[in-house]
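1. got a predicted model here, sequence first, then my questions.
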Amino acid sequence: MASTETTTVKDAGSVEAGLDALETTVTGRPTFRQTFVNKIFPPIVALAVVMVVWLILTPIVDDPSKLPSPGAVGTEFKNAWLQGDLLGYIWTSVSRGLLGFFFALLIGTPLGLVVARVKFVRAAIGPILSGLQSLPSVAWVPPAVIWLGLNNSMMYAVILLGAVPSIANGLVSGVDQVPPLFLRAGRTMGATGVKGIWHVTLPAALPGYVAGLKQGWAFSWRSLMAAEIIAQFPDLGVGLGQLLENGRTNSDMAMVFEAIILILFVGIAIDLLIFSPLERWVLRSRGLLVKS
């Protein structure tokens, strides 16, 4: 009998040890070769394929006014750099976009919490937020110009109108997905009111909230580009949207491609530097992403 109990205890210990081994994650830093193969090499291959296709199509189209060569676009970049304008184009748009997104964050977060937690407000404002999110951001440029004039305030207004609904709806979606058990456990431990929101609701809603932030930034960036393309004034400076419009006005496709590449580059850079690390941190903190 004692031998049987001892065997059972040993088996239970073996099962527990096996489960612990399954839950153990490898936290060692990946080698440079692994990083290069998994993260650096694939984008290089994709870029090389695009460049090859571009080089093949250039002599086929044989019309610089429709498809400039990579060399012509490179010359455009070189001239903008030598003239000291390239970083100015980028900074003008990025500074506006990030500041406008920060204001949208300050407005969209409490708005999303109120909509998610107050039934009357949700019934009244929820459909409006969804409708605003589907409205093209370019539609806000004409009224913003009429209301505020050709200035930076108009730019920020367009960004807010484009980004706030996405941020608010993302938080509402995240709050809706919080398990009721978490809320009951929080109330049992005294986390009610503001404490419950800060310590229970917001942490549990982070995945949906981060998704809303990413979408909010995408709407911010697109709204800003639309505003810069349509509303041009010397005091506003030359951002990437105005650079794109200048290329169209002058029928300079090399400048148009330059602006498109810069707009794409900034969007990818912001995602890689800010939102992707934030998303990985949220997933890793919930055990949904392990280090390898």
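-> Sure thing, it's come through. Residues are numbered from 1 along each chain as shown.
2. host element of M155?
-> If you go by DSSP states H and E, M155 is part of helix 152-176.
3. which strands and helices lie in contact with that helix?
-> For helix 152-176, the packing partners by 3 or more CB pairs under 8 Å, 6 or more residues apart in numbering; DSSP states H and E come out as helix 86-117, helix 119-134, helix 141-148, helix 206-230. Every C-beta, even on glycine, is put in place using the N, C-alpha and C of the backbone.
4. what comes into contact with the shortest one?
-> The one in question is helix 141-148. With contacts defined as CB atoms under 8 Å, 6 or more residues apart in numbering, helix 141-148 is touched by 154, 157-158, 161, 226-227, 230-231.
5. what's the per-residue pLDDT of the residue nearest to the spatial centre of the chain here?
-> By CA atoms, centre = their mean, the chain has its centre lying nearest to K214, at 2.9 Å. pLDDT, K214: 90.
6. same check on G241?
-> At G241, pLDDT is 90.
7. on that earlier part again, which of the helices and strands packed on helix 152-176 is buried the deepest?
-> Burial of the helices and strands packed on helix 152-176 is given as mean neighbour count (mean count of other CB atoms under 10 Å); helix 206-230 ranks first at a mean of 23.
8. that one packs against which elements?
-> helix 86-117, helix 141-148, helix 152-176, helix 240-249, helix 253-270, helix 276-285.
9. in the fifth one, what counts as buried?
-> Which is helix 253-270. In terms of neighbour count (16 or more other CB atoms under 10 Å), helix 253-270 has its buried residues at 253-259, 262-263, 266-267, 270.
10. then the last one?
-> Along helix 276-285, the positions that meet the burial threshold by neighbour count (16+ other CB under 10 Å) are 279, 282.
11. please look at V114 and G126 and confirm they touch.
-> No: when contacts are counted by CB atoms under 8 Å, V114 is not listed as touching G126 (10.7 Å).
12. contact partners for the nearest residue to I263 once chain neighbours are set aside?
-> In this structure, I263 finds its nearest non-sequential neighbour in L240, 5.1 Å apart by CB to CB, 6 or more residues apart in numbering. Residues near L240 by CB under 8 Å, 6+ apart: 89-90, 92-93, 225, 228, 259, 262-263, 266.
13. ok, W221 touching G267?
-> Yes: between W221 and G267 there is a contact under CB under 8 Å: 5.7 Å.
14. lowest average confidence, helix or strand, in this protein?
-> In the chain, the helix or strand scored least confidently by mean pLDDT, DSSP states H and E is helix 2-23, which has a mean of 46.
15. what are the buried residues along the helix or strand that that helix is followed by?
-> Counting by DSSP H and E, the next helix or strand C-terminal to helix 2-23 is helix 32-35. Within helix 32-35, no residue counts as buried by 16+ other CB under 10 Å.
16. gap between helix 32-35 and the chain center?
-> 26 Å (CA atoms, centre = their mean, to the nearest Å).
17. pLDDT of it, averaged?
-> The average pLDDT within helix 32-35 is 71.
18. swap in stretch 190-200?
-> Per-residue scores along stretch 190-200 average to 70.
19. next: stretch 162-176.
-> What stretch 162-176 shows for mean pLDDT is 88.
20. need the CA coordinates for it. PDB is fine.
-> Output of stretch 162-176 as PDB, limited to C-alpha atoms (Å, rounded to 0.1, in the frame of the first residue of the first chain):
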ATOM      1  CA  GLY A 162     -10.000  61.100 -38.200                       C
ATOM      2  CA  ALA A 163      -8.300  59.500 -35.300                       C
ATOM      3  CA  VAL A 164     -10.500  60.000 -32.200                       C
ATOM      4  CA  PRO A 165     -13.300  57.600 -33.400                       C
ATOM      5  CA  SER A 166     -10.800  54.800 -34.100                       C
ATOM      6  CA  ILE A 167      -9.100  55.200 -30.700                       C
ATOM      7  CA  ALA A 168     -12.500  55.300 -28.800                       C
ATOM      8  CA  ASN A 169     -13.900  52.400 -30.700                       C
ATOM      9  CA  GLY A 170     -10.800  50.300 -30.100                       C
ATOM     10  CA  LEU A 171     -11.100  50.900 -26.300                       C
ATOM     11  CA  VAL A 172     -14.800  50.100 -26.400                       C
ATOM     12  CA  SER A 173     -14.000  46.900 -28.100                       C
ATOM     13  CA  GLY A 174     -11.300  46.100 -25.600                       C
ATOM     14  CA  VAL A 175     -13.600  46.800 -22.600                       C
ATOM     15  CA  ASP A 176     -16.300  44.600 -24.100                       C
END
